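Chemist: The following comprises the amino acid sequence and a computationally predicted model.
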Amino acid sequence: MRYLTFALTKGRLADKTMELLKKTGIDCREMEDKKTRKLIFVNEELKLKFFMAKGQDVPTYVEYGAADIGVTGKDIILEEGRKVHEVLDLGFGRCCMCVCGPGEAAELLEHRELIRVATKYPNIAKDYFYNKNHQTVEIIKLNGSIELAPIVGLSEVIVDIVETGATLKENGLEVLREVCPLSARMIVNPVSMRMENERIRKLILGLRTFL
């Protein structure tokens, strides 16, 4: 039997994923050693391998078959647009992708004016404005604090992840439109889905009972 390999998003998502897998009888003792410098963790008994990656890289590992299964945020799956099967909403890490800005910017969306949009997620922003709001916009890719952009006049609005909305409020911004709900998702390589259909389906069914 070949190994099934999991690519997990480093940090909280990996911890939550392992908690969930443990409920189905899947664990990996090697991962419990916080001091380890290992990059790949193995459960010999169940023929499983696990490795940690940056969230943005997980769909790449899965698309190219370096991992059979991955867990990452829906925002990354949408932004990366990789050829993977999204098979399960794991339900944790819930938040929302939103268009945000000062209250008066709502009119610019209503009237579909030409505006500048700052975001870490240019593909998601482009899809929303071009295909859903039918509005021509200039998209500015940023990597740091997106909330700064409308405050200093770089953009009229931003597209960003909103959890509580506290940072927006503190900076005089608000949610103007909801783009899509987000949470941690399980993705599978299409070839693995065919070759290991039985094992992967069994895993998905096992996880579903705890969601």
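Modeler: Happy to help now that I have it.

Chemist: Pull up the gap between the residue nearest in space to the middle of the chain and residue 168, please.
Modeler: By C-alpha atoms, centre = their mean, the mean C-alpha position of the chain lies nearest to residue 73, the distance being 1.7 Å. From residue 73 across to residue 168, the span is 19 Å (C-beta to C-beta, to the nearest Å). Backbone N, C-alpha and C define where each C-beta goes, glycine included.

Chemist: for residue 1, same thing?
Modeler: For residue 1, the distance to residue 168 - C-beta to C-beta - is 50 Å.

Chemist: Compare the two and say which is more crowded by neighbours.
Modeler: The neighbour comparison of residue 1 against residue 168 (other C-beta atoms under 10 Å) goes to residue 168, with 18 against 7.

Chemist: and the helix or strand that contains residue 20, what other elements does it pack with?
Modeler: According to DSSP states H and E, residue 20 maps onto helix 12-23. The helices and strands touching helix 12-23, judged by 3 or more C-beta pairs under 8 Å, 6 or more residues apart in numbering; DSSP states H and E, are strand 4-9, strand 69-73, strand 184-188.

Chemist: Ok, which of these comes nearest residue 197?
Modeler: If you check each of these against residue 197 by C-beta to C-beta, strand 184-188 wins as the nearest, at 9.9 Å.

Chemist: mean confidence for the helix or strand where residue 109 lies?
Modeler: Per DSSP H and E, residue 109 falls inside helix 106-110. Average pLDDT, helix 106-110: 96.

Chemist: And the longest strand seen in the chain, what's buried?
Modeler: Longest strand in the chain, counting residues (DSSP state E): strand 174-182. Using 16 or more other C-beta atoms under 10 Å as the test for burial, strand 174-182 gives 174, 175, 176, 177, 179, 182.

Chemist: Please produce JSON lines containing those residues, extended by pLDDT and distance to residue 29.
Modeler: Converted to JSON lines, the buried residues of strand 174-182 look like this (pLDDT from 0 to 100; distance: C-beta to C-beta, whole Å):
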{"residue": "174", "pLDDT": "97", "distance to residue 29": "47"}
{"residue": "175", "pLDDT": "97", "distance to residue 29": "43"}
{"residue": "176", "pLDDT": "98", "distance to residue 29": "48"}
{"residue": "177", "pLDDT": "97", "distance to residue 29": "46"}
{"residue": "179", "pLDDT": "98", "distance to residue 29": "41"}
{"residue": "182", "pLDDT": "98", "distance to residue 29": "32"}
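
Chemist: Reformat those residues as TSV; add distance to residue 130.
Modeler: Output for the buried residues of strand 174-182, formatted as TSV (distance: C-beta to C-beta, whole Å):
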residue	distance to residue 130
174	23
175	20
176	17
177	14
179	13
182	20
